[in-house]
Every structure is written in C-alpha cells, then in structure tokens.
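Chemist: using only what follows, build the 3D model:
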Amino acid sequence: MSVLSISWSAPSAPTGPFRGVNMKQGSGYMTQLRTDEYGPTVQAILDAARSRNVFVIARFQNHRDINITVARGLLERVQSTSFSGFAVQVFTEKGHMGFSSSNIISPENAVEQVRLAEELARAAEKLGGDAVTYRGMFSARDTEQIVPAQQYAFDAIPIDRMEQILKELNVKFGYDQRLSIRSSLGMFEDDWRVVRSDGRDVSFRIPRAFVYNVISAADGNKTASGRASISGSGLELLLDPARNADLEARTRQTSDLCIALLGAPKVKGGHYKIVIDYALAKGLAHEAFGHAAETDHMEESILGQDGRFKAGETVAPSFVSIVDGPLEGDYAYQPISATGEVREQASIIDHGVLRTALADAFSADSAGVTPVGADRVESYLHIPCPRMSNIRLLIDNPLPIPGKNQGTATAGCAEMSPEGLRQLLDQNGLRAPGETVLFLTGYKGGQVNPALGDFVFNCTGIYKLDDSGATLHQPAIFSGKVLSALKSIMAGIGPVHHDAMGTCGKRGQGVPSSGGSNAYIVIAANEAITIGGE
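Modeler: Next up is the predicted model:
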C-alpha cells in the first residue's frame, strides 16, 4: 500500500461572514444554522490537531425530529426528540485513521477526543492497517454554507396542530369498513458542520419529511396490504392542499387495490415479459445495482474484478442509464458528503456502459476510481461509508402516455389504468397477440446479493395483461439476476418519477434513500427472471 505524506497549516475557524457562500433562504424564517455556535470548539480541534501533527476531519450534528402516528382517527404516538454531538477522524502522516465521538460539545472535550482518536490512528499504523491513499482528501480549502429553500420552518405550527391535521387526513382515508389505515408523520432537520485541517469548512442543513400510510384490507380470513406515502422537505406535506390531494389519491388507489386483492386469484409462476412501476424500478436500481457500485465492497461486487470497478463494460442496452445524486427538496437530499466534499451526480451507467462508481476517499483508490463525495453517515456517532442518495433508472425516448405531460413528474399515482397500459403495449408492438404480460405494481421490499447479483423483491399486486384484458392477481415474488434484468429492458413509458422513498441499511446505519424511473419499465421474458406463483 502506498504511503501518504500529508502537509498542511491549521486555519482559524471563521468568525465573520462565510467565504464562497452558497446560501438559499426560505420565506419567513432565519437561515442561521444551529451549528454556527460551535466556533470555539472548532478552533480547539484544529489547534489540537496541529500541535499533534495529525490531520483532522471534525463533524458536528444538531438534530431535531417530530414523529406522530394515528390510526382510525386516534393518536397512537407522538414524540419529539433532539440531540447534538460531534466526531473527529484523525489521520497520521501515513494516512492511518482513528475515530472518536462525544455528545459534549466543548473546547476541553474536543481536545480530549482528538487525543483519543490519535491514539487509535497510531495503533492502526503500528498494526499495519489500511491507510487512506487518496491525496485529494487533504487538499480542499474553501468555506461554504448551504441552506435549502423551504416553504415553512420546521416549527411553523405547534405539534398539536400537526396531530390534528394528521387525524383529519386519516379519518378521510378510511372510506370502507374493510380498511385499516395507520398514518405516520415524520419530520427531521439536521444541521451539519464539517471542518478539516486543510481549511475546508462547510455547514449545511438537511430537512426531510414524510407522511406514510400503511394500508390493510381484511374480509374474513382474507387479507391484503399496501403502502402509500408522500415525501419532501417539511410541513408543506401537511399544509399544502396539493400535497394533501396527492396523498389522498395515492391512498385511495392503494386502498382500492387492497380491497380488490381480497378476491383475486394467484398467478401461475414462470418466466414472463413484465412491466414494473417506478417504485419497483427504484428497488431494482437501488438494491440490485446501486449497492454493487459502492466501492467499499468492490472485491465482492458483480461490478468489480479483483477489487477494481469495471468501468467501460457494457451492462445494459444503449438507451438505459442509472444516475445517483442529491435532488433539492427530495427526502434523501444531501448536498455535502460526511467528509465535507460536494456530493456529485454520478452516472453509474451511462447509456448502457459502466462509468462511475459510488466512491468515497477511503475506498476510491483500491477500486481504481476517483471519489464522488458518496460517503454518508446516519449520525455523528458513525463512520462514513459510500451510500446512495436518489437513484434513478432512466430510459431514453420513453413512450408517451396519451394525454399526459411527458416532463419529469413526482406524483405517485398510476399514470394510466392497467387496461390502458395493455392497450399502449399492443399499439407499440410490445405485446404480441396471444402473449401474456405481467404488470407488477407496488414495492414492498426485498433482498439482494451484490456478489452474485441475485435479487428477490415483493410487490403489492400483479395484473395479467392478455388478449382478454387486464386481470388482477395476488402478489408474487419477483426474482432473478440483476444484469439479466438490465440487459432485458425493452422500453420505458411516461415521465420520470423520483420520489419512491425508504431507509437504506448498511453497516448498522440507516440513511434516507429515494429514487425512481420512468412511470413504467418494460422487461423482456428471460430465463434468469422468475415470477413466483402457484
């Protein structure tokens, strides 16, 4: 492993206006970040690192959240929490790293955390552990502050008003006695500040929110379930009538589907041409492909060879691309990495060809790539690792949906009925006379093996599209090989939706994720792709 020689002079923590500021201000409230008050502790960390001849990355977090859950119009849970803390990553001249964190933010404690982290770094060096070999890790010198524009401040209305609105929405959703709907509101606001020995000092806010409905339908011993949600950056989810209407439409659509599933037959298992909606496509891109592009496990990935990312290899048709990167206002928005680098838009697949890995400074060199600021953390307590943010599966020249605007969309309701989808396939030669095509709708989780490329996903329901029409069937397992699925993509239909939200778990950390694709993706029948059933 190559040795890294580090040279720097410790800067002073800025006390005046930020240099090179990239700031956006929402209406009606101050944009000052809560991490701005940590200047004395920042300076203590920089001074301690300089005196010990080590490089430091200090990461401060100030977090607050509100979570409310109601069912049948009654409050089940309300919780409001806040915390703050910081961590230091210390690097020796040879690039070995030690990590320490604390929830006590003070200059005296900061000096102690630098000392503890240095001890760990020196121990790693003596043991011959891995070292950071990417020199760009220690070369940034600018200062920045990023505050995304928001329609409402985090605390624009009291919690009891949030509870009242959520109850009213929940009652409206329960239009049928066979339905049981649990509604949850989650609002989160994280202020971060990342400071480094090379002069990099960046502060940024990450606001995010969701309203999430878990829907169950029951009739005797028959049950069916689904999910409907909206996501964004804050209280607009409750206070904007258009967002309320969107949530109501999504919930009604999924509720109707669950009720219809109570009497639906099972589909016959086998290999079919399939159509998946954008939520399932996001699951395919995220679970089965995005994780394989993360460089901290490239030696075990189907996208790596001898630990090196296979850039330049063709893995999909020329009209297929997969892109990952933050989108402002999105649930998984994060403009800056956990180590203070700008999070880039990464073209993982560019028109069928592998181009860019999701790399951080710690694993980029070993994978033969350059970092794109992909490192994230759940909280200040965690060590950064490469993660996705908003991942999109994009198809060139998608088929237009009759009567629809073909620009980028975020609404989550079906763009067309299953029967309308069948007719569109027929009109464009994507379903031959006598052929059965299965339309899978609704993503309900799954698993993937990045080393082998195997995936197993669950959907909410399946429509059989054949000469007789569109017939609803029970959900079934969708499984196969990810590279086979990508190479079998035939077409995309409709505008891009990118708000399929979730939480991504890795290394004991959970971070927000989102993404999507065109409204529908058509995948040819393939022996390596199977639909379970009777």
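
Chemist: part of a helix, is E287?
Modeler: Yes. Counting by DSSP: H, G, I helix; E, B strand; the rest coil, E287 is found in a helix.

Chemist: does the closest residue to it other than its chain neighbours belong to a helix, a strand or coil?
Modeler: Nearest residue to E287, sequence neighbours excluded (C-beta to C-beta, 6 or more residues apart in numbering): V448, at 4.4 Å. (C-beta placed from N, C-alpha, C; glycine too.) Secondary structure assignment for V448 (three-state DSSP): strand.

Chemist: was I right about V448 contacting S479?
Modeler: No. Using C-beta atoms under 8 Å, V448 makes no contact with S479, being 10.2 Å away.

Chemist: now do the shared contacts for these two.
Modeler: Shared contacts of V448 and S479, defined by C-beta atoms under 8 Å, 6 or more residues apart in numbering, are found at 454-456.

Chemist: pLDDT weak spots in the stretch 51-200 of the chain?
Modeler: 135, 137-138, 140 (pLDDT under 70).

Chemist: can you give me the helices for the stretch 51-200 of the chain?
Modeler: Listed in chain order, the helices found in the stretch 51-200 of the chain under DSSP state H, counting those that start in this stretch are 107-126, 159-173.

Chemist: which elements pack onto the longest one?
Modeler: Using 3 or more C-beta pairs under 8 Å, 6 or more residues apart in numbering; DSSP states H and E, the elements in contact with helix 107-126 are helix 39-51, strand 55-71, strand 74-91, strand 97-102.

Chemist: ok so, going back, and V448 and S479? Which one has more around it.
Modeler: V448 (21 against 18; other C-beta atoms under 10 Å).

Chemist: beta partners of the more buried one?
Modeler: Per DSSP bridges, the residues bridged to V448 are F455.

Chemist: look up how far A292 lies from it.
Modeler: According to C-beta to C-beta, to the nearest Å, V448 and A292 sit 8 Å apart.

Chemist: shared neighbours, the two?
Modeler: Here V448 and A292 have V482 as joint contacts, going by C-beta under 8 Å, 6+ apart.

Chemist: buried set for the helix or strand hosting I322?
Modeler: Counting by DSSP states H and E, the element that carries I322 is strand 320-324. In terms of neighbour count (16 or more other C-beta atoms under 10 Å), strand 320-324 has its buried residues at 320-324.

Chemist: any chance of those residues in CSV, with distance to A249 and pLDDT too?
Modeler: Below are these laid out as CSV (distance: C-beta to C-beta, whole Å; pLDDT from 0 to 100):
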residue, distance to A249, pLDDT
V320, 30, 98
S321, 29, 98
I322, 29, 98
V323, 28, 98
D324, 28, 98
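
Chemist: quick one, which of the helices and strands packed on helix 107-126 is packed in tightest?
Modeler: Stretch with highest mean neighbour count among the helices and strands packed on helix 107-126: strand 55-71 (a mean of 22; mean count of other C-beta atoms under 10 Å).

Chemist: tell me which strands that strand pairs with, and in which orientation.
Modeler: strand 74-91 (antiparallel), strand 179-196 (antiparallel).

Chemist: can you list contacts of whichever strand or helix holds I348?
Modeler: Using DSSP H and E, I348 sits in strand 346-350. Identification of contacts with strand 346-350 by C-beta under 8 Å, 6+ apart yields 289-290, 293, 315-316, 320-325, 354-358, 372, 374, 391, 486.

Chemist: redo the strands paired with strand 55-71 as a markdown table? Include distance to R387.
Modeler: Listed next are these as a markdown table, based on distance: least, C-beta to C-beta, whole Å:
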| stretch | distance to R387 |
| --- | --- |
| strand 74-91 | 17 |
| strand 179-196 | 15 |
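
Chemist: closest to K268 out of the ones you listed?
Modeler: For K268, the closest of the strands paired with strand 55-71 is strand 179-196, at 29.1 Å, according to C-beta to C-beta.

Chemist: just the angle between the following helix or strand past that closest one and helix 39-51, please?
Modeler: Later in the chain than strand 179-196, the nearest helix or strand by DSSP H and E is strand 201-219. Strand 201-219 runs at 120 degrees relative to helix 39-51, counting by axes from the mean of the first three to the mean of the last three C-alpha atoms, to 10 degrees.

Chemist: list the buried ones in strand 201-219?
Modeler: Of all the residues in strand 201-219, those buried under the rule 16+ other C-beta under 10 Å are 201-215, 217-218.

Chemist: again with stretch 509-529
Modeler: Using 16+ other C-beta under 10 Å as the test for burial, stretch 509-529 gives 509, 511-524, 526, 528-529.

Chemist: ranges for the helices of the stretch 251-400 of the chain?
Modeler: Going by DSSP H, counting those that start in this stretch, the stretch 251-400 of the chain shows helices at 278-283, 364-367.

Chemist: which residues are in contact with G508?
Modeler: Applying C-beta under 8 Å, 6+ apart, we find G508 in contact with H382.

Chemist: got any ranges where the chain has weak pLDDT?
Modeler: In the chain (pLDDT under 70), the answer is 1-30, 135, 137-138, 140, 405-414.

Chemist: quick check: domain ranges of it?
Modeler: Following automatic domain parsing, one gets these domains for the chain: 34-261, 273-531.

Chemist: out of those domains, which one sits most buried?
Modeler: Comparing these by mean neighbour count (mean count of other C-beta under 10 Å), domain 273-531 ranks first with a mean of 20.

Chemist: endpoints of it, how far apart?
Modeler: End-to-end distance for domain 273-531: 10 Å, by C-alpha to C-alpha, to the nearest Å.
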